[in-house]
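> Kindly return the folded structure for what I paste below:
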Amino acid sequence: GLKPDSAVDESEIEREEGEEQDGEDMGEEGEVVKWEETQEEKDALGAVAEGLQEFMQGSTLGEYRGRLDLLWHFFGHTCAVLCLRPSGSRSDTRALRQESSSGAPTLRAQAARQAKRTLVLSRVLFNTYRFYAQFS
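Sure, this is the predicted structure:
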């Protein structure tokens, strides 16, 4: 049978040329600063992917297109959230570096982490949409 889990496999996530890998930010002098997902974040993302799979596979033929449209709109919403975000990746890198050196999370570092989570969620939504759009 079909394996929709492959639709959200991180190795197949499309990235634009020159885009940073998840978990990485380019530092000011080209250095790569690691951003580690917590186990809780990984578990939550897995639960979202599983929920999306159940959502699509549980639809009737009449509901399928509507549910697919919902996935597309959720993806669009996450993209809008990312585009409207005021700070750039250089300030995010500095904030994450400052957080790791001081041990205390700063407001900017928390915002940077939230942006990373939103980016990963948008990729999961897009890849899930693309997988299920093949069958409409």
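
> Can you pull the poorly scored residue ranges out of this protein?
Residue ranges of the chain with pLDDT under 70: 1-35, 86-105.

> which residues in it form helices?
When secondary structure is read from DSSP state H, the chain shows helices at 39-57, 61-83, 89-102, 107-133.

> okay, those helices in a markdown table with mean neighbour count next?
C-betas here are computed from N, CA, C, even on glycine. Shown next, in a markdown table, are the helices of the chain (neighbours: other CB atoms under 10 Å):
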| stretch | mean neighbour count |
| --- | --- |
| helix 39-57 | 14 |
| helix 61-83 | 14 |
| helix 89-102 | 16 |
| helix 107-133 | 18 |
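
> For Ser59, grab phi and psi.
Dihedral pair for Ser59: phi -80, psi 150, per degrees, to the nearest 10.

> which residue packs closest to it, ignoring adjacent ones?
Arg67 (4.8 Å; CB to CB, 6 or more residues apart in numbering).

> Contact partners for that neighbour?
Counting by CB atoms under 8 Å, 6 or more residues apart in numbering, Arg67 touches Phe55, Met56, Ser59.

> Same question for Cys83.
Contact criterion CB under 8 Å, 6+ apart gives no residues in contact with Cys83.

> Verify the stated contact: Arg117 with Glu41.
Yes. Arg117 lies in contact with Glu41 (CB atoms under 8 Å); the separation is 6.5 Å.

> From the contacts of Arg67, pick the one nearest Gln110.
Phe55 (29.1 Å; CB to CB).

> Skipping its backbone neighbours, what lies nearest the closest one in space?
Excluding the flanking residues, the one nearest Phe55 by CB to CB, 6+ apart is Arg67, at 6.3 Å.
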